[in-house]
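**Student:** give me a model of this one.
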Amino acid sequence: MQHHEVDTDRRPGSGRPDTGRRGTAGRQGAGGSGSDPDGAAGSGADAGSPPGSAPGSDPRAPGGAGRAPSGGGFTPGVRGGGPAPAPEDQRVTAGDRLTAGEVLAGYLHARAGDFLRGVRLYEESGADAAAAESAARSLRGSARRIGGALHTFRPLLDPGWADQLVTELGWLTGTLAQEQACANRLHRLMGALARLSVPAPPVPAPVPAPAAVPVSAGGGRTGRERGERAERGGRTERQTAAGPSARGGFSAPSAAPGPSDTSGTSIPSRPSGPSGPSAPSGPPSGPSGTLAVGASRAGALLERRLTLARTRAHSAALQALGSSRFHAVADSVAVLASEVPLAPIASAPAAELLPGPAGYAERRLLDAVSALPLTRAAHPYNAEALVSGLATTADGETQDAPWHHVRQLLRLHRYAQEIWCPAGTADPVLTVAGQALDRHRDAAEAAAAAANAARTPRIAPATAYALGVLHADQRHEVEAARYAFQRVWQEATVTKP
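**Tutor:** Next up is the predicted model:
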């Protein structure tokens, strides 16, 4: 893989510097630690270009800067709750000194430096799988943030250049995310299978309560009971003293005495042998039955399928990182590390321009959240996700798609807050809500993988049964993630002024 560095020679008639391939790309850029707080891998479609269309070319148009986006908290009573505007002292206070282009360019410079640093670390990782994974995660995180900034603040940039780079960055993040997504999916499914096949703790047999003894009003036994006991005792003494039977012979030896009841009579023991009753039937203490038999086979089938998918994704990532298309993307990011192609409107103060595109991203998020069935998701174990998962593939995807769309819009809104908020960090509530939607995405994809494995031809019925139980378990995880997101969103709506 080749490194990339900025060439200061400019093309004739172009406002952007030309790029060349030189050494030590890690020296490019400034700022940023290279860490990726959103390092969870996703599917190719999920990690691609930002959803929807970009806002209009003029951020000061109606609906643009008239409504400031969130800087923290939630607004109660607005489209089911959503991020609330930040106080004035927490907003961009350098608007009198910095223009919108300078603030946006500083953020893009830092993220481009993280990207080029990730390229260098990936190149230096060699055979170290952990280092390569960390470098790929840093690449994905910086590429997503660059793409999100270019998408949200497109009116302040050269539209043609921004659209092309957003598309290429979406291709790169989607390709790099596949391998880690397959690994996480396999780990999740194997852990769920192990949890489901663990035997339940044995239920102790109920101990019968002792028979109640009637007691007289004075606290002693009744006279009738005392008489019966005396009569039984006298009969036993007479039989012992008689010895041989009255017929002149001795009685046959009796069988081994069995346990005696409270009345003194002997209970015959159970006959043994083939004709005797078998052992008491009940649930075995260990994992058995159809689920235990099919769990190991289902695990082997899933491991074989997902390992093959991960190997293919790894080969695709290596091929992508060595392609000319990736080198073109790296060249564009190297240009971004030194100069950002800005539109003339970006020379306005940052306090006037930046809230417009960020507010547009916030309104799109609120509209998408208001369309979710949050009222039904507020009830745990409502079985909506399970019923939809048992439907056809198209119905399940249609039912999960709005939640995946909200996850993408939430990420765009969080990245926009990183740019225009002076602290450079998004609202923690948005981070927690995003983590719940990440779990929703992971569980939905794991359930789809189990369903696809169950469609394998000529598998044993026990294997198909275990995969069906696993699919239902993951759909319940989808439902739990929706419930968690609903609680985070609504609680923030109530507690934040």
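
**Student:** just the strands in the protein please.
**Tutor:** 5-10, 17-20, 70-74, 83-85 (DSSP state E).

**Student:** which residues touch L302?
**Tutor:** Going by CB atoms under 8 Å, 6 or more residues apart in numbering, L302 touches 186, 189-190, 193, 449-450, 453, 467. C-betas here are computed from N, CA, C, even on glycine.

**Student:** and the gap between it and A328?
**Tutor:** For L302, the distance to A328 (CB to CB, to the nearest Å) stands at 38 Å.

**Student:** then H404?
**Tutor:** The value you get for H404 to A328, if CB to CB is used, is 29 Å.

**Student:** between the two, who's got more neighbours?
**Tutor:** H404 (20 against 15; other CB atoms under 10 Å).

**Student:** and that one, how far from L372?
**Tutor:** 11 Å.

**Student:** likewise A330?
**Tutor:** Counting by CB to CB, the gap from A330 to L372 is 38 Å.

**Student:** the more surrounded of these two?
**Tutor:** The residue with more neighbours, out of A330 and L372, is A330; 24 against 18, by other CB under 10 Å.

**Student:** is it true that that one touches L116?
**Tutor:** Yes: using CB atoms under 8 Å, A330 is in contact with L116, at 7.3 Å.

**Student:** quick one: low-confidence parts of this structure?
**Tutor:** Along the chain, the parts satisfying pLDDT under 70 run over 1-96, 199-290, 380-398, 422-424, 493-497.

**Student:** contacting residues around S125?
**Tutor:** 131-132, 135.

**Student:** narrow the residues you listed to those that are buried.
**Tutor:** With burial judged by 16 or more other CB atoms under 10 Å, the buried subset of these is 132, 135.

**Student:** just the ones of the contacts of S125 in helices?
**Tutor:** Judged by DSSP state H, the subset of these located in helices is 131-132, 135.

**Student:** which of the contacts of S125 lies closest to R310?
**Tutor:** A132 (13.8 Å; CB to CB).

**Student:** hang on, that closest one packs against Y122?
**Tutor:** Yes: here A132 lies in contact with Y122, judged by CB under 8 Å, at a distance of 6.1 Å.

**Student:** shouldn't A447 be in contact with V469?
**Tutor:** No: contact between A447 and V469 fails when scored by CB under 8 Å: they sit 11.6 Å apart.

**Student:** enumerate every residue touching the nearest residue to R407 once chain neighbours are set aside.
**Tutor:** Closest residue to R407 apart from its sequence neighbours, by CB to CB, 6 or more residues apart in numbering: L437 at 3.9 Å. Counting by CB under 8 Å, 6+ apart, L437 touches 403-404, 406-407, 410, 481, 485.

**Student:** among those residues, which one lies nearest to L139?
**Tutor:** R407 (20.5 Å).

**Student:** isn't the closest one right up against G434?
**Tutor:** Yes: contact criterion CB under 8 Å: R407 and G434 qualify, at 6.9 Å.

**Student:** show me where this protein has its helices.
**Tutor:** 100-125, 129-152, 159-197, 223-242, 289-321, 324-336, 350-353, 355-370, 374-377, 384-389, 393-420, 428-454, 461-495.

**Student:** skip the chain neighbours and tell me the closest residue to L374.
**Tutor:** Q486 (4.9 Å).

**Student:** give me the neighbour count for the one you found.
**Tutor:** Other residues close to Q486 by other CB under 10 Å number 24.

**Student:** D438 versus that one, what's the distance?
**Tutor:** 15 Å.

**Student:** how about I459?
**Tutor:** 31 Å.

**Student:** same deal with L98?
**Tutor:** 34 Å.

**Student:** what sits against the closest residue to V329 other than its chain neighbours?
**Tutor:** Leaving aside its chain neighbours, V329 sits nearest to E168 (4.7 Å; criterion: CB to CB, 6+ apart). Contact partners of E168, counting by CB under 8 Å, 6+ apart, are 325, 328-329, 332.

**Student:** whichever of those end up buried, select them in ChimeraX.
**Tutor:** To isolate in ChimeraX the members of those that are buried, counting by 16+ other CB under 10 Å, one can use:
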select :329,332
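
**Student:** out of the contacts of E168, the closest to R376 would be?
**Tutor:** Distances from R376 to the contacts of E168, taken by CB to CB, are shortest for V329, at 42.3 Å.

**Student:** how far away is that closest one from L172?
**Tutor:** Taken as CB to CB, the span from V329 to L172 is 6 Å.

**Student:** OK, contacts around G294?
**Tutor:** 460-467.

**Student:** actually, P428.
**Tutor:** So P428 contacts nothing (CB under 8 Å, 6+ apart).

**Student:** before we move on, what about the one 5 residues further on?
**Tutor:** Under the criterion of CB under 8 Å, 6+ apart, the neighbours of A433 are 410, 485, 488-489.

**Student:** may I ask which two of those are separated the most?
**Tutor:** Once CB to CB is applied, those give L410 and V488 as the farthest pair, at 11.0 Å.

**Student:** surely F153 and Y415 touch.
**Tutor:** No: counting by CB under 8 Å, F153 stays clear of Y415, with 10.1 Å between them.

**Student:** tell me which of these two has more neighbours.
**Tutor:** In this view F153 and Y415 are compared by other CB under 10 Å, and F153 has more residues nearby, 31 against 24.

**Student:** and that one, how far from G191?
**Tutor:** On the measure of CB to CB, F153 and G191 end up 41 Å apart.
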